[in-house]
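Asks: attaching a predicted model along with its sequence, questions to come.
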Amino acid sequence: MPHVGSGRLSYVEEDARLSQQERWDVVLNMLDGPMKGVGEQKLRGPVIRIGANPGPGGFTLTGYRGLDARQCVVTAYSGGAASVAPVGTNQVRMAPHSNVNWRDIDPIPGPEYLSPGCAIHLGPVGRGATIEFVRAEKFGQWEQGQLLSEAADVGGQGAGKGTGPLPPASYDARRVDRVRSSTAPYWFLGCSSLGAVTTTVLVLIIGLWQVLSPDRKPPGPVEEGLEFYFDVDIAEFNDQDLMLLSGLEQGYFAFVAGPNIDAAGASAKEEWGDPTYFDPMFMRFVTKSVNQHIRSWSFFRRLDAVHVEYGKVVLALRREGLPEAFAAIPYRESRYKADAQSHACAKGYWQFMPEVAYRVDRQSDLSFRVKGCRFIGNDQLRWEPKALIPPFNVMKNADYVQDGQCMITTCDVDDRTRLEKSTAAAIYTLKEAWDDPLLRESGSAVQLVISSHNAGYDDSRFGRKKKFNVKTAYAAWSKKVGKDQGPYFTGQNIRCPNWDDGKPCGGAYMAETQHYAYNIVAQHLLAACYYGRNYVENPAFQPYRKFLGSEGYCDRMDIPTKEEVRSKQ
């Protein structure tokens, strides 16, 4: 069980007499380790638990050694003050900046106020994690009846009722002695008698908020929008995102965590089915992507237009025992458009390169041909692929690309444009990665195999090792941080702010791959809701009906009917 309570910190209900209470969130930035480069993280206040497994709503530090499940707690007060305190005897050190020798700084014994730019080192020196406190930000007003604060907001000296304590006027981050009772909230100095009941109380409060909140469901489509968004920004993770985050856990388990457990078999760990162990960074991106796509009429209009094709792919995947979330890959790649073609000459529903089609045709029992292709300006040419993998740097070295443009106009035979044939080919290539023991036992097989459709699975089989292929990238990362961190691989390697950055930004993948899997998972979560509501007579979508009831994750969202979608044509 996660470490809960220590006699030093507990959760108590806010004064219910306050009709309104300001909420302040905390912005932190990781300065070292596997999460360095992720960027500023805005965390929901007023109380943020931080550690290796802090529980729902906490800030999970994955890939760091020497950390307890709940290493410390950061608290934001009305007015913008914030403090940090160790949980139990866990080590927490503070300094005005990170350019210090942490061995020269003693662990703080109790709560200390924070100022912008402070560095916090969690865990033993030489291990653990270093975090920068960036600032506290005012979010807005919490209306009565919504989620109450996890901590009492007690007026301090010089503060008005309900405004919370003020930081000492001359506070210096180098000070490491215990906060005096005259400046600290009373609950800082020990509420051990409440420790046994606080978790239950918090769960009840959250449940009450979800029931009473008048805007419990995020809005459905409200703008024309786009058919697909290639990346999202989680810097502003708002209340609607937070509300949806826990609501998506059921769907995430059905389409991601559950298949990951099945793939690992006897190697699976029991905690992988616990939502508190889901990849937290990946979940935040999935949630933000769901909230982005659900606003768009264009997205739902396209889903409606391709429901027959989508259903065929779901059934094909289901027959082969592959995760159904893979059905969203051709939506991301082509929006299920048969003739879609990229600048690099990837074509068809699944956007296969010509050489990949040739390899599938040669190495499998499938017939998957690309033959008799004509080029721009050369209508007499009858080109066809002869290599098993595309050339290195396709845009510069492929015969069929010139000046950044695909030169292929038409082909006498191109099975990439045929749904059944291209889906069978995709199942073949996806199974290559899905059947790899290293990926199956990772705890993130679904995310890894989805990513392989973009980055490639393992080109070393053909004499060319690519560091950004999925197998190579995952093997190097897990060797560095430990195989037990596998379930967090995909989230921890979303480092670039945009999908088209053209670089890895310190991650294990190139930018496009970093922003690939979460959108596909998000989109399938929405597709399951839309098709389950509107096309449940299709055998492919009948199992999705269970997500639509009052206990289903789809009920947490305003999913439009097909009549509403078609009325927006």
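Replies: Structure's in. What do you need?
Asks: from the contact counts, what lies against the strand or helix carrying residue 522?
Replies: Using DSSP states H and E, the secondary-structure element containing residue 522 is helix 517-534. Judged by 3 or more Cβ pairs under 8 Å, 6 or more residues apart in numbering; DSSP states H and E, helix 517-534 is in contact with helix 249-252, helix 280-293, helix 297-305, helix 307-319, helix 329-334, helix 445-455. For every residue, glycine as well, the C-beta is placed using N, CA and C.
Asks: domain-wise, how is the chain divided?
Replies: What automatic domain parsing lists as the domains of the chain is 20-212, 239-328+426-562, 339-417.
Asks: now render the helices and strands packed on helix 517-534 as a markdown table, adding distance to residue 96, mean pLDDT and mean neighbour count.
Replies: Formatted as a markdown table, those follow (distance: least, Cβ to Cβ, whole Å; pLDDT from 0 to 100; neighbours: other Cβ atoms under 10 Å):
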| stretch | distance to residue 96 | mean pLDDT | mean neighbour count |
| --- | --- | --- | --- |
| helix 249-252 | 39 | 95 | 21 |
| helix 280-293 | 28 | 95 | 24 |
| helix 297-305 | 47 | 98 | 21 |
| helix 307-319 | 54 | 98 | 19 |
| helix 329-334 | 45 | 98 | 24 |
| helix 445-455 | 39 | 98 | 26 |
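Asks: any chance of those helices in JSON lines, plus distance to residue 537?
Replies: Shown next, in JSON lines, are the helices and strands packed on helix 517-534 (distance: least, Cβ to Cβ, whole Å):
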{"stretch": "helix 249-252", "distance to residue 537": "21"}
{"stretch": "helix 280-293", "distance to residue 537": "24"}
{"stretch": "helix 297-305", "distance to residue 537": "15"}
{"stretch": "helix 307-319", "distance to residue 537": "10"}
{"stretch": "helix 329-334", "distance to residue 537": "21"}
{"stretch": "helix 445-455", "distance to residue 537": "28"}
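Asks: to residue 522, which of these lies closest?
Replies: The minimum distance between residue 522 and those falls on helix 280-293, with 3.6 Å, by Cβ to Cβ.
Asks: how far does the helix holding residue 522 sit from the chain's center?
Replies: 15 Å (Cα atoms, centre = their mean, to the nearest Å).
Asks: before we move on, the earlier item: who wins for proximity to residue 71 among the helices and strands packed on helix 517-534?
Replies: helix 280-293 (15.1 Å).
Asks: next, the angle helix 517-534 makes with the closest one.
Replies: Taking axes from the mean of the first three to the mean of the last three Cα atoms, to 10 degrees, one finds helix 280-293 and helix 517-534 inclined to each other by 50 degrees.
Asks: so what touches helix 280-293?
Replies: For helix 280-293, the external contacting residues (Cβ atoms under 8 Å, 6 or more residues apart in numbering) are 35, 38, 59-60, 62, 218, 225, 228-229, 232-234, 237, 240-241, 244-245, 248, 252, 299, 447, 488, 490-492, 494, 515, 517-519, 521-523, 525-526, 557.
Asks: ditto for stretch 376-396
Replies: 343-345, 353-359, 362-363, 370-375, 397-401, 404-405, 407-409, 412, 456, 459, 462, 464.
Asks: give me the helices and strands touching the helix or strand hosting residue 93, please.
Replies: Taking DSSP H and E as the definition, residue 93 sits inside strand 92-95. With contacts taken as 3+ Cβ pairs under 8 Å, 6+ apart, strand 92-95 sits against strand 82-86, strand 119-122.
Asks: mind redoing it with 10 Å?
Replies: Helices and strands touching strand 92-95, by 3 or more Cβ pairs under 10 Å, 6 or more residues apart in numbering; DSSP states H and E, are strand 82-86, strand 112-113, strand 119-122, strand 129-143.
Asks: can you lay out those strands as a markdown table showing mean pLDDT?
Replies: Converted to a markdown table, those look like this (pLDDT from 0 to 100):
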| stretch | mean pLDDT |
| --- | --- |
| strand 82-86 | 88 |
| strand 112-113 | 84 |
| strand 119-122 | 95 |
| strand 129-143 | 74 |
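Asks: would you mind checking the contacts of helix 280-293 for buried ones?
Replies: Neighbour counting with 16 or more other Cβ atoms under 10 Å marks 35, 38, 59-60, 62, 218, 225, 228-229, 232, 234, 237, 241, 244-245, 248, 252, 299, 447, 488, 490-492, 494, 515, 517-519, 521-523, 525-526, 557 as buried within the contacts of helix 280-293.
Asks: any regions of the chain where pLDDT drops low?
Replies: Along the chain, segments meeting pLDDT under 70 span 1-23, 78-79, 139-219.
Asks: end-to-end on stretch 434-453?
Replies: Stretch 434-453 has an end-to-end distance of 11 Å (criterion: Cα to Cα, to the nearest Å).
Asks: oh, I was asking about stretch 255-266
Replies: 20 Å.
Asks: ditto for stretch 555-563
Replies: Stretch 555-563 has its terminal residues 19 Å apart, counting by Cα to Cα.
Asks: likewise for stretch 31-43?
Replies: With Cα to Cα, one end of stretch 31-43 sits 16 Å from the other.
Asks: with stretch 540-548 instead?
Replies: 15 Å.
Asks: any idea how far that stretch is from the chain center?
Replies: 24 Å.
Asks: before we move on, back to that, may I see the buried residues of the helix or strand following the helix holding residue 522?
Replies: On the C-terminal side of helix 517-534, the nearest following helix or strand under DSSP H and E is helix 562-566. Using 16+ other Cβ under 10 Å as the burial criterion, the residues of helix 562-566 that qualify are 562, 565.
Asks: elements contacting helix 562-566?
Replies: By 3+ Cβ pairs under 10 Å, 6+ apart, helix 562-566 packs against helix 297-305, helix 517-534.
Asks: which of the contacts of stretch 376-396 are buried?
Replies: 344-345, 353-359, 370-371, 373-375, 398, 400-401, 407-408, 456, 459.
Asks: in helices, which of the residues you listed appear?
Replies: 354-359 (DSSP state H).
Asks: OK, contacts around residue 493?
Replies: 34, 37-38, 281-282, 451, 473-474, 477, 504-509, 513-514 (Cβ atoms under 10 Å, 6 or more residues apart in numbering).
Asks: what's the neighbour count on the residue lying closest to it once chain neighbours are set aside?
Replies: In this structure, residue 493 finds its nearest non-sequential neighbour in residue 507, 4.0 Å apart by Cβ to Cβ, 6 or more residues apart in numbering. Neighbour count of residue 507, defined by other Cβ atoms under 10 Å: 22.
Asks: confirm for me that residue 507 is in contact with residue 516.
Replies: No. With contact defined as Cβ atoms under 10 Å, residue 507 does not count as touching residue 516 (12.0 Å).
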